[in-house]
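Colleague: show me how the following folds:
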Amino acid sequence: MMTGKSQKAGASHLMRSEARDATLGRAQIGFECTRYSCKESVYALEVAAVRVGDASRRLHISYTTKENQAVEGKFRATEDVDYHKAAGTLTFHRGEMRKTFEVRMINDDEVEEDETFLIELSNCTDDKTELLESRGVCEVTIISDDYPGVMVLAKVPAEDSSAEEPRYLDYYTATPTMGSVACLVRREKGSSGEVSVRWRTVADTGKAGVDYGTRGSSEELSGTLKFRSAMSEAHIVVPILNNPSAADAKGEPPPAEFKIELFDPQGGCSIGEAETTERGACGWTTVSVKHDAAAEKLARDIARLLDEHYDDIRSGDESWKDQFIDAVTPHEEMDTLGTLLFYMNMPWRVAFALIPPPSMAGGWLCFWVALGGIAVVTVLVGDLAALLGCSVGLEDSITAITFVALGTSLPDTFASKAATLGDDCADAAIGNVTGSNSVNVFLGLGLPWFIAAVVWTDAGPTAEWKATIGLKNPGIVAANPDGGFAVPAGSLSFSVAVFCACAVMCLSTLLFRRVVFGAELGARTPGASHHKLTSVFFAALWFFYVAMSIIQTWKLVEQGTLYAVLGVVVLLFAIVLGGLFAKLNGTYDTSDEGLGLVDEGSDGAEEATVAPSDPAATTETVENPSAEAKDVEAAAGEAELEEAST
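Modeller: This is a model prediction of the structure:
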C-alpha cells in the first residue's frame, strides 16, 4: 500500500523559529501537515492527526472531507468525481500521539488543472485538549499526472495579509538572531517523476562570509534540491551571520541584501516565470538581512567584559585563604543540630580546604587533588571499619557489607539527595547510585587486582607470599609454584546472589512507579503515601540483604534453605507487584498537571477504519507553516506537532 507521506524538514525549521520563545499551556491536537499533494492515480492518500502535551486521556475527534469553496470552480475538486468522500472518528487512546486515516482518489483521463479539496477536524471529546485553529483544516491538492512541474521560489506572506485580501512579498527578511533563513521552493503545475534543480547565492549589498554563509569564507553557497515523485515543496536554508562592523555604525545600518536563484533544472522540470506561476513567483528571490547596531554592540561589549573578568566570576572560591575561612566559619542560618555537625566535621573541612581552588589550571588541579583526597578518605574508612570488625569479632565479609559499605556509600546517599532536589527528574539521582556502584565494582576491583597481578608475577614465590597464601590455602601454593596474585573464593557468592535479587526488585519497583504513578521518586498528589511505602521497602531490602548474608556467614541455616527463602521472597514480590500493577495501571493521571484519578468513562465511539490501498504510486507533501501560524501560542503548538510526527 502506497500512501502520502510528509516531507517537513524545512517546515520544521520555520516552525521552530516562530515558536522559539513560546510555551505550550495545555494539550493540543491538529493535522500533522496542513497541505498535502498527490497524483490522481494514487489509490489512497494517508492523512495523519497528531496531538502534543498531555496524552493521558482518551479522546475522540471527527474528520470529514469537503469541497474547497475558496477557489475557482476549475481548481475545485468535486466529491465522488475526483475523490471519494471520507468521514469518521479517530480514537486516541492514552499515550497515543498519532492517528491516520485514508482518502481514496478517483483517477480519470481528463486534462485538467490541479484541483483542491479540504479535510476538517471537529468535535474533540476532551475539553482539556485544544483543537488548533490553524491546524484544524488541511488542504489536499490533486496533481495532474502528466507534468513534471515548474520550480519557483515562493513569495512570503506579509504580516498584515488576511484570507480575504492576501498579500505577498518579493523578499525574505532575516536577522542574525534567527541563525538562518529558510526559503521555500515550490513545485507547481505538476509533480510527476523525480526532478532536481540547483541553487546558489548571489551577493548584492550583503557579503558572503560576513552577512551570510560560512564566516570568513567569501565563497558563495550552492546546492541541489531533489524532488521525489509527488513531492511539491522543499526549503533552502542559508546561515545568517552577525556582522561585527554593524555594531560600529552610527544610527541604524542599512539592510544587507543577497539573492538566491535557481538554475540547471533536471528531469523535465523548468524554472518558472512570474507571468505564468502562482502569485507571480519566479526562479529567484531576495533576502534582506537587518542588523540591529545597538543589540550587536551590546553583545560584543558583554563578551569583552566576560573575557576580561572571567576569573572573577568563575564558580568556586578565589583563593586558598577563602577556602580556609569558609571551612572554619559556620553559616548564620544554621540551627543547633547543623552547628553541632559543622564542628564535628571541621577536621575534614580543614583538610579538604587544602585542595587547590577550581580557578587554578582550568580546574584540573582541583579535580585530581580532590580525587586523591577521596581515595585517602576511602582507605581510612575501610581500615577503620576493618579494625572495628576485628575488635568485636566480626567476619571480614560481614564488616565489608556493613561498616565499610556504610562508610563509603553514605556520601553517595547525600549526593543522590542533592541531585534529586536540584533536578526535575530522577535520572541524576538513580544514575549517581548506579554509576557509583559501577566504579566500585569495575574500577575498585579491576585496578587493584591488575596492579597486584603485575607485582606478584614479577616478584615470584617469595617467602612472604608462601607464608601468607599457604597459611589458609596451601593448595594454591602447590598449584602455582611460580607465584602470582591469588584471590581464594570466600563466602561472598551467596551475598552477591542476594544483592542481585534485591537489585532486580529495586529496579522493578522503579519501573512500576514510572508506569503507574508517572515518577520514580516522590509523589505529586497531596496526601499520597506510595512514595513513603517505597522508601520503607527499599530500606527493608538492605536489611534483608545484610541479614541473609550474616546468617549464611555464621552458618546459622543451611545454604540450600537460604536459597529457597530467597526464591520465595522474589516470587512473592513478583506476585504482589503484578497484582498492584493490574489494579492500579491506568487509574492515575501521569501528566504534569498532577496525579489525580482519571475518569475512565467512554462514549463508545468507534475508531475509524480505512480500505487497503493499491501499491501503485507514492506521494509526498510539505507545508508552509509560516503562512498559517496566527499567533505565538499556535506556532508553538504546531512546532510540537511537527516534533511528535517526526
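Colleague: mind listing what's buried in the longest helix anywhere in the chain?
Modeller: As assigned by DSSP state H, the longest helix anywhere in the chain is helix 364-392. If you call a residue buried by 16 or more other Cβ atoms under 10 Å, then helix 364-392 has these buried ones: 366, 377-378, 381-382, 385-386, 389. C-beta here means a position set from N, CA and C on the backbone, and glycine is covered the same way.
Colleague: and the residues you listed, which two are the farthest apart?
Modeller: Of all pairs drawn from the buried residues of helix 364-392, the greatest distance, 34.4 Å, lies between 366 and 389 (Cβ to Cβ).
Colleague: quick one on the thing from earlier: return the closest of the buried residues of helix 364-392 with respect to residue 515.
Modeller: Nearest to residue 515 among the buried residues of helix 364-392: residue 378, at 37.2 Å, using Cβ to Cβ.
Colleague: and the closest residue to that closest one other than its chain neighbours, what is it in contact with?
Modeller: Sequence neighbours aside, residue 408 is the residue nearest to residue 378 in space, at 5.7 Å (criterion: Cβ to Cβ, 6 or more residues apart in numbering). Residue 408 is in contact with 378, 381-382, 440, counting by Cβ atoms under 8 Å, 6 or more residues apart in numbering.
Colleague: tell me how far residue 408 lies from residue 437.
Modeller: With distances taken as Cβ to Cβ, to the nearest Å, residue 408 is found 11 Å from residue 437.
Colleague: same question, residue 340
Modeller: With Cβ to Cβ as the criterion, residue 340 and residue 437 are 31 Å apart.
Colleague: more neighbours, those two?
Modeller: Comparing residue 340 with residue 437 by neighbour count (other Cβ atoms under 10 Å), the higher total belongs to residue 437, at 15 against 11.
Colleague: buried residues in the longest strand along the chain?
Modeller: If you go by DSSP state E, the chain has its longest strand at strand 256-266. Going by neighbour count (16+ other Cβ under 10 Å), the buried part of strand 256-266 is 256-260, 262, 265.
Colleague: out of these, which is nearest to residue 192?
Modeller: Nearest to residue 192 among the buried residues of strand 256-266, counting by Cβ to Cβ, is residue 265 at 14.2 Å.
Colleague: that closest one - nearest residue in space that isn't next to it in sequence?
Modeller: Per Cβ to Cβ, 6+ apart, closest to residue 265 is residue 197, 4.7 Å.
Colleague: helix, strand, or coil at that neighbour?
Modeller: Following DSSP: H, G, I helix; E, B strand; the rest coil, residue 197 is assigned to strand.
Colleague: beta-bridge partners for it, please?
Modeller: Beta bridges link residue 197 to residue 225 when assigned by DSSP bridges.
Colleague: sorry, back to before: past the longest helix of the chain, which element shows up next along the chain?
Modeller: Sequence order places helix 396-399 as the next helix or strand after helix 364-392, per DSSP states H and E.
Colleague: okay, buried residues for the helix or strand just after that following helix please.
Modeller: Sequence order places helix 405-422 as the next helix or strand after helix 396-399, per DSSP H and E. Buried residues in helix 405-422, defined by neighbour count with 16+ other Cβ under 10 Å: 405, 407-408, 416, 419-420.
Colleague: need the per-residue pLDDT for residue 490.
Modeller: Looking at residue 490, its pLDDT reads 66.
Colleague: check the buried residues of helix 405-422 and tell me the two furthest apart.
Modeller: Top of the distance list for those (Cβ to Cβ): 407 and 420, 22.0 Å.
Colleague: domain map for this protein?
Modeller: 4-149+603-645, 156-188+194-227+231-297, 358-459 (automatic domain parsing).
Colleague: count of neighbours near residue 53?
Modeller: The number of residues packed near residue 53 is 21, by other Cβ under 10 Å.
Colleague: how about it, nearest residue that isn't a chain neighbour?
Modeller: residue 27 (3.7 Å).
Colleague: quick check: bridge partners of that neighbour?
Modeller: residue 129.
Colleague: contacting residues for it?
Modeller: 51-55, 57, 126, 128-130.
Colleague: mark which of those are part of strands, please.
Modeller: 51-52, 129-130.
Colleague: how close does residue 567 get to residue 498?
Modeller: Distance, residue 567 to residue 498, by Cβ to Cβ: 11 Å.
Colleague: who's more crowded, these two?
Modeller: Remark: of residue 567 and residue 498, residue 498 carries more neighbours, 24 against 11, as counted by other Cβ under 10 Å.
Colleague: helix or strand next in line after the one helix or strand the more buried one maps to, which one?
Modeller: For residue 498, the element it lies in under DSSP H and E is helix 492-517. Going down the chain from helix 492-517, the next helix or strand is helix 530-553, by DSSP H and E.
Colleague: which parts of that next one are buried?
Modeller: Buried residues in helix 530-553, defined by neighbour count with 16+ other Cβ under 10 Å: 530-531, 534, 541, 544-546, 548-553.
Colleague: can you put these in a markdown table and add pLDDT?
Modeller: Formatted as a markdown table, these follow (pLDDT from 0 to 100):
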| residue | pLDDT |
| --- | --- |
| 530 | 82 |
| 531 | 82 |
| 534 | 89 |
| 541 | 92 |
| 544 | 92 |
| 545 | 90 |
| 546 | 87 |
| 548 | 90 |
| 549 | 85 |
| 550 | 85 |
| 551 | 88 |
| 552 | 84 |
| 553 | 81 |
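Colleague: ok, so of these, who is nearest residue 493?
Modeller: Set against residue 493, the nearest of the buried residues of helix 530-553 by Cβ to Cβ is residue 552 (9.4 Å).
Colleague: who are the contact partners of the closest one?
Modeller: Here residue 552 is in contact with 491, 494-495, 559, 562 (criterion: Cβ under 8 Å, 6+ apart).
Colleague: check residue 195 too.
Modeller: Residue 195 sits next to 148-149, 151, 187, 226-227, 265-269 when contact means Cβ under 8 Å, 6+ apart.
Colleague: residue 286: which of these is nearest?
Modeller: Once Cβ to Cβ is applied, the member of those that ends up nearest residue 286 is residue 151, at 17.5 Å.
Colleague: tell me which residues are up against stretch 563-583.
Modeller: With contact meaning Cβ under 8 Å, 6+ apart, stretch 563-583 is reached by 494, 497-498, 501, 504-505, 508-509, 512, 515-516, 544, 548.
Colleague: what is the neighbour count of residue 254?
Modeller: The number of residues packed near residue 254 is 12, by other Cβ under 10 Å.
Colleague: assign it to helix, strand or coil.
Modeller: Recorded secondary structure, residue 254: coil (three-state DSSP).
Colleague: now it. Nearest residue, chain neighbours left out?
Modeller: Spatially, and ignoring its direct neighbours in sequence, residue 254 is nearest to residue 205 (6.9 Å; Cβ to Cβ, 6+ apart).
Colleague: and the one you found, which helix or strand is it part of?
Modeller: For residue 205, there is no host helix or strand (DSSP H and E).
Colleague: which residues touch it?
Modeller: The contact partners of residue 205, by Cβ under 8 Å, 6+ apart, come to 254-258.
Colleague: same check, this time on residue 521
Modeller: Contacts for residue 521 (Cβ under 8 Å, 6+ apart) come out as 420, 426, 429, 513, 531.
Colleague: what about 6 Å?
Modeller: Listed by Cβ atoms under 6 Å, 6 or more residues apart in numbering, the contact partners of residue 521 are 420, 426.
Colleague: so where do the strands sit in the stretch 51-200 of the chain?
Modeller: For the stretch 51-200 of the chain, strands defined by DSSP state E, counting those that start in this stretch occupy the ranges 59-67, 87-92, 98-104, 115-122, 129-131, 137-143, 150-153, 156-157, 168-169, 171-174, 180-188, 195-203.
Colleague: how about the host helix or strand of residue 578: buried residues?
Modeller: For residue 578, the host element (DSSP H and E) is helix 559-584. Residues of helix 559-584 classed as buried: 562, 566, 569, 573 (neighbour count, 16+ other Cβ under 10 Å).
Colleague: go on, stretch 336-356?
Modeller: Applying a neighbour-count criterion of 16+ other Cβ under 10 Å, one finds 342, 352-353, 355-356 buried in stretch 336-356.
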